[in-house]
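> predicted structure and sequence below. I'll ask about it afterward.
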Amino acid sequence: SALLDHRYPPSTAESWNAPGTVCGDSAQPGERVMFAVDPTAAVVDEALAWGADLLFTHHPLFLRPVHSVAATTYKGALVHRLIRGGCALHAAHTNADAAAGGVAEALATAVGLVDLVPLTPLERPVAGSDAAGGATGIGRVGRLPVPMSLRHFGEKVAAAIPATEQGVRIAGDLDGTVTTVAVVGGSGDSLFDAVRSAGVDAYVTADLRHHPASELRERAAFEAGGSDPHRGRPALVDVAHAASEWPWLAGAAATLERD
């Protein structure tokens, strides 16, 4: 877990977050690490069947303090199963979102963006880590090497992430041109103002709700004025939550192997 904390420093997590080791003995040697988005029962089954020494997930098992991990609850039962199976559980949530090479950067790269910078840079220093071998912060903003229509870009996003029943939902002019894009892995409608300030053509994120998304586009159109060619931008590209975070897993595993 020390290598993981070095790559995704807990100090960069949001104040409400709960990253780090959930269970496991740091003195126990480990060779087999399984990466997943969520610590669900099915994922724990797979980790134990594979003989994993460590299950490394993006989402924490516990986001709020608990007074018991009794096996009479489903989360407690997962902890007991992991301990009996000799498999530790470690999570990197918003600290992995913010990291260089983290969730947002992986999504941005997967959809073809270059010249990446954080959407909201991290202002506080990252103590004791060189993990930020690039800029650190929530989300990423970048450009497409070759501009394309919103329709084509939506197809590119769909091809870059796992297919889901939801698919990829788009709000905007499908024939409009997309050159600059902001991405946020996971739920991103709280960052609309930062996206607007970035002046991008499209915004890729997950869990967009009807009212915030509708109001963003209405406000953008109103403030841009009728003669502005960018009226109503950014276009919105909404994907499934876990699908937006999935591209990070392979890179995280490869990074751990190199470290």
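Received, thanks.
> flag the shaky bits of the stretch 151-259 of the chain, pLDDT-wise.
Applying pLDDT under 70 to the stretch 151-259 of the chain picks out residues 226-232.
> please enumerate the helices of it.
Under the criterion DSSP state H, counting those that start in this stretch, helices of the stretch 151-259 of the chain are mapped to 192-198, 210-224, 241-245, 247-258.
> which helix or strand contains residue 79?
helix 74-84 (DSSP states H and E).
> mean confidence (pLDDT) on that helix, please.
Mean per-residue pLDDT for helix 74-84: 96.
> enumerate the positions of that helix that are buried.
Neighbour-count burial for helix 74-84, with 16 or more other CB atoms under 10 Å as criterion, is recorded at 75, 78, 79, 81, 82. All C-beta atoms are positioned from the backbone trio N, CA, C, and that covers glycine.
> repeat for stretch 194-204
Quick answer for stretch 194-204 (16+ other CB under 10 Å): 194, 195, 196, 198, 200, 201, 202, 203, 204.
> so the fifth one touches residue 182, yeah?
Just to be clear, that refers to residue 200. Yes - contact criterion CB atoms under 8 Å: residue 200 and residue 182 qualify, at 4.6 Å.
> mutual contacts of those two, please.
Taking CB atoms under 8 Å, 6 or more residues apart in numbering as the criterion, residue 200 and residue 182 both touch 141, 234.
> mind naming the longest strand for this structure?
Looking across the chain with DSSP state E, the single longest strand is strand 137-149.
> by how many degrees do it and helix 150-160 diverge?
130 degrees (axes from the mean of the first three to the mean of the last three CA atoms, to 10 degrees).
> pull up the pairing partners for strand 137-149, direction included.
Sheet partners assigned to strand 137-149 using DSSP bridges are listed as strand 114-121 (antiparallel), strand 177-187 (antiparallel).
> winner for burial among those?
Most buried of the strands paired with strand 137-149, by mean neighbour count (mean count of other CB atoms under 10 Å): strand 177-187, with a mean of 23.
> who touches that one?
So strand 177-187 is contacted by 97, 103-104, 106-108, 111, 113, 119, 138-144, 147-150, 153, 191, 194-195, 198-207, 234-235, 241, 244-245, 248 (CB under 8 Å, 6+ apart).
> now render the buried residues of stretch 194-204 as JSON lines, adding distance to residue 45.
What follows is those, written out as JSON lines (distance: CB to CB, whole Å):
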{"residue": "194", "distance to residue 45": "39"}
{"residue": "195", "distance to residue 45": "38"}
{"residue": "196", "distance to residue 45": "43"}
{"residue": "198", "distance to residue 45": "41"}
{"residue": "200", "distance to residue 45": "41"}
{"residue": "201", "distance to residue 45": "43"}
{"residue": "202", "distance to residue 45": "38"}
{"residue": "203", "distance to residue 45": "36"}
{"residue": "204", "distance to residue 45": "32"}
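> of the residues you listed, which is the nearest to residue 222?
residue 196 (12.1 Å; CB to CB).
> quick check: the gap between the residue nearest to the closest one when sequence neighbours are not counted and residue 101.
Nearest non-adjacent residue to residue 196, counting by CB to CB, 6 or more residues apart in numbering: residue 220, 6.4 Å away. Distance of residue 220 to residue 101, given as CB to CB, to the nearest Å: 31 Å.
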